[in-house]
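>>> Sharing a sequence plus its predicted fold:
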There are 2 protein chains.
Amino acid sequence: MKHFNKITIIGVGLIGGSIGLAIKKRGLAREVVGVFRRRSTLNKALKRRAIDKGTMDVKAGINGADLIILATPVSSIPRIAAIVIKYATRGAVITDTGSTKAWLVGKIEKMVRLRPSVFFVGSHPMAGSEKTSVEFAIDGLLEGAPCIVTKTAATDKAALGKITDFWKALGSKVSVTTPAIHDRSVSLVSHLPHLVAFSLAGAVPGKETAYAAEGFKDTTRIASSDPSIWADIFLTNRKEISRACRKFEKYYKDIKKALAKGSYAGVIRMLKTSKSKRDRFVYGKKT
Amino acid sequence: MKHFNKITIIGVGLIGGSIGLAIKKRGLAREVVGVFRRRSTLNKALKRRAIDKGTMDVKAGINGADLIILATPVSSIPRIAAIVIKYATRGAVITDTGSTKAWLVGKIEKMVRLRPSVFFVGSHPMAGSEKTSVEFAIDGLLEGAPCIVTKTAATDKAALGKITDFWKALGSKVSVTTPAIHDRSVSLVSHLPHLVAFSLAGAVPGKETAYAAEGFKDTTRIASSDPSIWADIFLTNRKEISRACRKFEKYYKDIKKALAKGSYAGVIRMLKTSKSKRDRFVYGKKT
């Protein structure tokens, strides 16, 4: 991969910070600059050595950058993208780390059309945890993790190549797909599980958790995620999430129906299907 | 704790095997005997050193035992308890490890009434994982784990004391409660999460899991549990599970309603409640 001169990361949290650490560890850029909304986060990111320099001025931060990564919460990205597209140095490639793509890519591509000397390619590095701050950032977060890069009729081929090479250089397993296909897949494997985990954690009265063990802990882990990040994701991918919910509800109701009938055969048939799908996903084999 | 002479474990899987290993490690009995349905499991348990001796004959296995632990799947326990109660040596205390209690304790107490020289106290050591075989048994499985011991009007006080002391000696955090209260609590913190995890794993098409990451993996972990064990549990605690489901559905539908309205405030309010409940459960504090 041709190395970058200056990479600017806007929003240096768990993801942005881990990207910064990985770039620095692998020497993929001469300089990594972070752009912040809060001085306190800037200081934490410097202390964590996730960036070389930090600023609270977007315009100054992106000046001369050949790669700009928008790693703020989804709903704030279009607003920041508008400024970035206006002031980015000619030839700069812009990408993002947003968890929903059709909504974001649609908005940003409209803006980029007005400034053809900069390029945009949507990304979704699928790593992270329920923790959100740069303090939890680690250089290996993206290693081995899936990373989806989006391609549309408007995507510049050279920019697409740069972005896929960049994520690969960070150790991610890159797939290129359309924003629509991305949104459908993640609604099922990420957004729906979050909605379900939030519902579980919210529904169980605190006083009952005295007897809760590992099962409850794991099933609800992602309900400890940042509510503002997830409200954004849910609201920007509503249609696909609603479709994913219908699939979940169908299965859930069918188990309940077999249960209400007292049908051991019916219940066990459904649980076996669930287990074999889950085992195949984790262990890559039928069990 | 007064040590036991002979402890017999009927059903030496993950739980039974881990109990055997812990008894032996802590020297709580002169002898640990396992009773098996299959020769192959008997050999595995001996190899794992989870027991001192194994047999496939219940009557011989329990002869002379002062503590008998029924650690087979829930639905098989009443049938085995009938034999055990008939042939147990006078004064023997019988307990079980079943995940539902009202159904089991009710059935077994009826049988014990006919033979007042043996005693029964229901137990539910809340440990385990999606793995079920004795090969995964470890001596520390019950250490620090909650263990519920049930008390009813029919429970013998001395036997109750022996059983609570026994689990405490294994390192578990023992609570004594009624079968009904137990069933309500575990329906919320264990059975409902399992039902939801099985539904999630079953609903997501295999081809979509290419992009699945840690969130999906954790949320569905317990869907890799043994379907026959869980069909048993679901069917023997139907009423409470159905009540727990209603709580879950209410929360889930309310999030979806806020989402359908496009209400950021409504969505975030619910997610915040979920997160704060889950954080309090895991970290013991408000966040």
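Okay, I see it. Numbering: from 1, shown residues only, chains lettered A, B, ... in the order given.
>>> Now do the SS call for the residue nearest in space to the middle of chain A.
In chain A, the residue lying closest to the centroid (CA atoms, centre = their mean) is A:S99, at 4.0 Å. For A:S99, the assignment made with DSSP: H, G, I helix; E, B strand; the rest coil gives coil.
>>> Would you map the helices across the stretch 1-150 of chain A?
Using DSSP state H, counting those that start in this stretch, the helices of the stretch 1-150 of chain A run over residues A:14-26, A:39-47, A:58-62, A:77-87, A:102-112.
>>> could you dump those to JSON lines with mean neighbour count?
C-beta: built from backbone N, CA, C; applies to glycine. Output for these, formatted as JSON lines (neighbours: other CB atoms under 10 Å in any protein chain shown):
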{"stretch": "helix A:14-26", "mean neighbour count": "23"}
{"stretch": "helix A:39-47", "mean neighbour count": "16"}
{"stretch": "helix A:58-62", "mean neighbour count": "19"}
{"stretch": "helix A:77-87", "mean neighbour count": "19"}
{"stretch": "helix A:102-112", "mean neighbour count": "20"}
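>>> can you redo these as TSV with mean pLDDT and distance to B:P73?
Putting the helices of the stretch 1-150 of chain A into TSV (pLDDT from 0 to 100; distance: least, CB to CB, whole Å) gives the following:
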stretch	mean pLDDT	distance to B:P73
helix A:14-26	97	42
helix A:39-47	96	51
helix A:58-62	97	61
helix A:77-87	98	51
helix A:102-112	97	47
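>>> In TSV: those, plus distance to B:L195.
Formatted as TSV, the helices of the stretch 1-150 of chain A follow (distance: least, CB to CB, whole Å):
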stretch	distance to B:L195
helix A:14-26	31
helix A:39-47	40
helix A:58-62	47
helix A:77-87	37
helix A:102-112	32
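>>> As JSON lines, those helices with distance to chain B would be great.
Listed next are those as JSON lines, based on distance: least, CB to the nearest CB, whole Å:
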{"stretch": "helix A:14-26", "distance to chain B": "12"}
{"stretch": "helix A:39-47", "distance to chain B": "18"}
{"stretch": "helix A:58-62", "distance to chain B": "24"}
{"stretch": "helix A:77-87", "distance to chain B": "15"}
{"stretch": "helix A:102-112", "distance to chain B": "12"}
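>>> mind checking which of the ones you listed is nearest B:R79?
Closest of those to B:R79 is helix A:14-26, at 52.2 Å (criterion: CB to CB).
>>> And for that closest one, what's in contact with it?
Contact with helix A:14-26 is made by A:7, A:9-10, A:12, A:28-29, A:32, A:34, A:45, A:48-52, A:69, A:71-72, A:97, A:125, A:127-129, A:131-134, A:136-143, A:169-171, as judged by CB atoms under 8 Å, 6 or more residues apart in numbering or on different chains.
>>> among those residues, which ones are buried?
A:7, A:9-10, A:12, A:28-29, A:32, A:34, A:45, A:48, A:50-52, A:69, A:71-72, A:97, A:125, A:127-129, A:132, A:134, A:136-139, A:141-142, A:169-171 (16 or more other CB atoms under 10 Å in any protein chain shown).
>>> looking at it, A:G98 is touching A:P125, isn't it?
No - between A:G98 and A:P125 there is no contact under CB atoms under 8 Å: 10.1 Å.
>>> Can you give me every residue that contacts A:I69?
With CB under 8 Å, 6+ apart, A:I69 has these contacts: A:I7, A:T8, A:I9, A:I10, A:G16, A:I19, A:I94, A:T95, A:D96, A:T97.
>>> in the stretch 51-200 of chain A, which segments are predicted with low confidence?
For the stretch 51-200 of chain A, applying pLDDT under 70 flags no range at all.
>>> tell me which parts of it are close to chain B?
A:126-129, A:145-146, A:148, A:175, A:182, A:184-186, A:188-190, A:192-200 (CB under 8 Å from any CB of the partner chain).
>>> need the longest helix for chain A.
In chain A, assigned by DSSP state H, the helix with the most residues is helix A:238-260.
>>> Report all helices and strands that that helix contacts.
helix A:179-186, helix A:192-203, helix A:264-283, helix B:192-203, helix B:227-236, helix B:238-260 (3 or more CB pairs under 8 Å, 6 or more residues apart in numbering or on different chains; DSSP states H and E).
>>> Let's have these in JSON lines, adding distance to B:T155 and mean neighbour count.
As requested, the helices and strands packed on helix A:238-260 are exported to JSON lines (distance: least, CB to CB, whole Å; neighbours: other CB atoms under 10 Å in any protein chain shown):
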{"stretch": "helix A:179-186", "distance to B:T155": "51", "mean neighbour count": "22"}
{"stretch": "helix A:192-203", "distance to B:T155": "32", "mean neighbour count": "27"}
{"stretch": "helix A:264-283", "distance to B:T155": "30", "mean neighbour count": "19"}
{"stretch": "helix B:192-203", "distance to B:T155": "28", "mean neighbour count": "27"}
{"stretch": "helix B:227-236", "distance to B:T155": "20", "mean neighbour count": "23"}
{"stretch": "helix B:238-260", "distance to B:T155": "21", "mean neighbour count": "18"}
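>>> for those helices, which one sits closest to B:A210?
helix A:179-186 (7.3 Å).
>>> Can you give the contact residues for that closest one?
A:99-102, A:104-106, A:122, A:124, A:126, A:148, A:150, A:152, A:177, A:237, A:240, A:243, B:208, B:210-211.
>>> got the contact list for the one helix or strand A:S175 maps to?
Take DSSP states H and E as the rule and A:S175 turns out to sit in strand A:173-177. For strand A:173-177, the surrounding residues in contact (CB under 8 Å, 6+ apart) are A:144-151, A:160, A:164, A:167-168, A:185, B:210-211.
>>> are any of those residues buried, and which?
Buried among the contacts of strand A:173-177 (16+ other CB under 10 Å): A:A145, A:P146, A:C147, A:I148, A:V149, A:T150, A:K151, A:L160, A:T164, A:W167, A:S185, B:Y211.
>>> now the residues you listed in a markdown table, with distance to A:G64?
Below are the buried ones among the contacts of strand A:173-177 laid out as a markdown table (distance: CB to CB, whole Å):
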| residue | distance to A:G64 |
| --- | --- |
| A:A145 | 29 |
| A:P146 | 31 |
| A:C147 | 26 |
| A:I148 | 29 |
| A:V149 | 24 |
| A:T150 | 26 |
| A:K151 | 27 |
| A:L160 | 23 |
| A:T164 | 23 |
| A:W167 | 22 |
| A:S185 | 36 |
| B:Y211 | 34 |
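>>> Just these: which are in strands?
Those of the buried ones among the contacts of strand A:173-177 mapping onto strands are A:P146, A:C147, A:I148, A:V149, A:T150, per DSSP state E.
>>> how far away is A:D165 from A:A92?
16 Å (CB to CB, to the nearest Å).
>>> which one of those two has more residues nearby?
A:A92 (23 against 14; other CB atoms under 10 Å in any protein chain shown).
>>> give the contact list for the residue nearest to the more buried one when sequence neighbours are not counted.
Excluding the flanking residues, the one nearest A:A92 by CB to CB, 6 or more residues apart in numbering or on different chains is A:V118, at 4.9 Å. By CB under 8 Å, 6+ apart, the contact set of A:V118 is A:I85, A:A88, A:R90, A:G91, A:A92, A:V93, A:I94, A:V112.
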